[in-house]
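# Next come a sequence and a model predicted from it.
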Amino acid sequence: DRWVLNRAKKVFDEIEAAFSIYEYSKGLNKLNYFLVVDLSGIYLDVCKDRLYCDDKNDIHRIASQSAMAIILRKLISTTACILTYTMDELLEYAPSFIKGEAGDIFDFQKVKLSEVESNLNEEILLSAKEKFSEAIDTLKKDKVIKNTLELSIYTNSEDVLSIGEVEASDWFLVSSVTNSKQNGDILGQFEVDGKEFEIYKSSEAKCPRCWKFTSTKEEALCSRCESVLN
């Protein structure tokens, strides 16, 4: 969440710099890249599990919703000068935490993004995610797996392990990321910055609610889902 807000701040500063000298095409190209690659291609994909499956008030879920709301407000503010009627219509249906006191788009205050520090090593994690995608292409084509949630990853990369088990597994869209060597066949492997990554089939059972392979037995809820439902 901090990574995407840090990225958004840089991108929207570049967009506004382009708009200020009337280079709207350049600014919109930067915006389109951010929406397609960073938001849709990575961040929103990573957040699906927590938005659907975590408890309503879980900190992971609230943090992601907050980041999305902040970026949406900035998106409305930035594109209001170009897509005025579209943004005005959006505000008609937007909840109060998005539109504030604005009656229409002309009342909407300009949004300024705050500086948000992120200690995530963007270069390493993006490279690892790209190499993981390349490694599983063959597994999907050969019908070894249907979904990446069937997998778990071993790595000795401090940059990946330091972000935590939940964030690391969500980043790769797998059921677990661990620093312990696993039993079973290695389905794929790669290196990033001299650190090892090994891909395995998860040894756990599939949770019928979240579809992650984190249950102790078949058709049983994982501990996270059981806690949420209780």
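Structure received. Residues are numbered from 1 along each chain as shown.
# can you give me the strands for this structure?
Ranges of strands in the chain, per DSSP state E, are 151-155, 176-178, 188-192, 195-201.
# So in that sheet, which strands flank the first one, and in what orientation?
Using DSSP bridges, the strands paired with strand 151-155 are strand 176-178 (parallel), strand 195-201 (antiparallel).
# Okay, buried residues for the shortest one please.
So that's strand 176-178. Neighbour counts over strand 176-178 (16 or more other Cβ atoms under 10 Å) mark 176-177 as buried. (Each C-beta comes from the backbone N, C-alpha and C, glycine too.)
# so how far is it from its chain's centroid?
17 Å (Cα atoms, centre = their mean, to the nearest Å).
# ditto for the last one
Relative to the mean C-alpha coordinate of its chain, strand 195-201 is positioned 21 Å out (Cα atoms, centre = their mean).
# Enumerate every residue touching the spatially most central residue of the chain.
When the chain is reduced to its mean C-alpha position, the closest residue under Cα atoms, centre = their mean turns out to be residue 43, at 2.3 Å. Counting by Cβ atoms under 8 Å, 6 or more residues apart in numbering, residue 43 touches 4, 67.
# ok, now how distant is it from residue 72?
13 Å (Cβ to Cβ, to the nearest Å).
# can you check residue 142 too?
Where residue 72 is concerned, residue 142 sits at a distance of 40 Å (Cβ to Cβ).
# quick one: which of the two has more around it?
Each of residue 142 and residue 72 has its neighbours counted (other Cβ atoms under 10 Å); residue 72 has more, 14 against 8.
# nearest to residue 2, of the strands paired with strand 151-155?
strand 176-178 (18.7 Å; Cβ to Cβ).
# ok, residues contacting that closest one?
With contacts defined as Cβ under 8 Å, 6+ apart, strand 176-178 is touched by 152-155, 160-161, 165, 168-169, 171, 202, 204, 213-214.
# any idea how far the closest residue to residue 106 other than its chain neighbours is from residue 98?
Spatial nearest neighbour of residue 106, excluding adjacent residues (Cβ to Cβ, 6 or more residues apart in numbering): residue 88 at 8.0 Å. Distance, residue 88 to residue 98, using Cβ to Cβ: 13 Å.
# Then residue 152?
Residue 152 sits 38 Å away from residue 98, taking Cβ to Cβ as the criterion.
# and those two? which has more neighbours close in?
residue 152 (23 against 16).
# list the contacts for the more buried one?
Listed by Cβ under 8 Å, 6+ apart, the contact set of residue 152 reads 174-178, 182, 199-203, 213.
# let's go with 6 Å and repeat that
Neighbouring residues of residue 152 by Cβ atoms under 6 Å, 6 or more residues apart in numbering: 174-176, 200, 202.
# Including distance to residue 9 and pLDDT, could those go into a markdown table?
Formatted as a markdown table, the contacts of residue 152 follow (distance: Cβ to Cβ, whole Å; pLDDT from 0 to 100):
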| residue | distance to residue 9 | pLDDT |
| --- | --- | --- |
| 174 | 29 | 97 |
| 175 | 32 | 96 |
| 176 | 32 | 95 |
| 200 | 37 | 95 |
| 202 | 36 | 94 |
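# Mind listing the residues bridging to the residue nearest to residue 169 when sequence neighbours are not counted?
Computed as Cβ to Cβ, 6+ apart, the closest residue to residue 169 that is not its neighbour in sequence is residue 177, at 5.0 Å. Taking DSSP bridges as the rule, residue 177 bridges to residue 153.
# Before we move on, what's the pLDDT of residue 177?
The model reports residue 177 with a pLDDT of 96.
# where's it relative to residue 155, distance?
For residue 177, the distance to residue 155 - Cβ to Cβ - is 7 Å.
# No further queries at this time; thank you.
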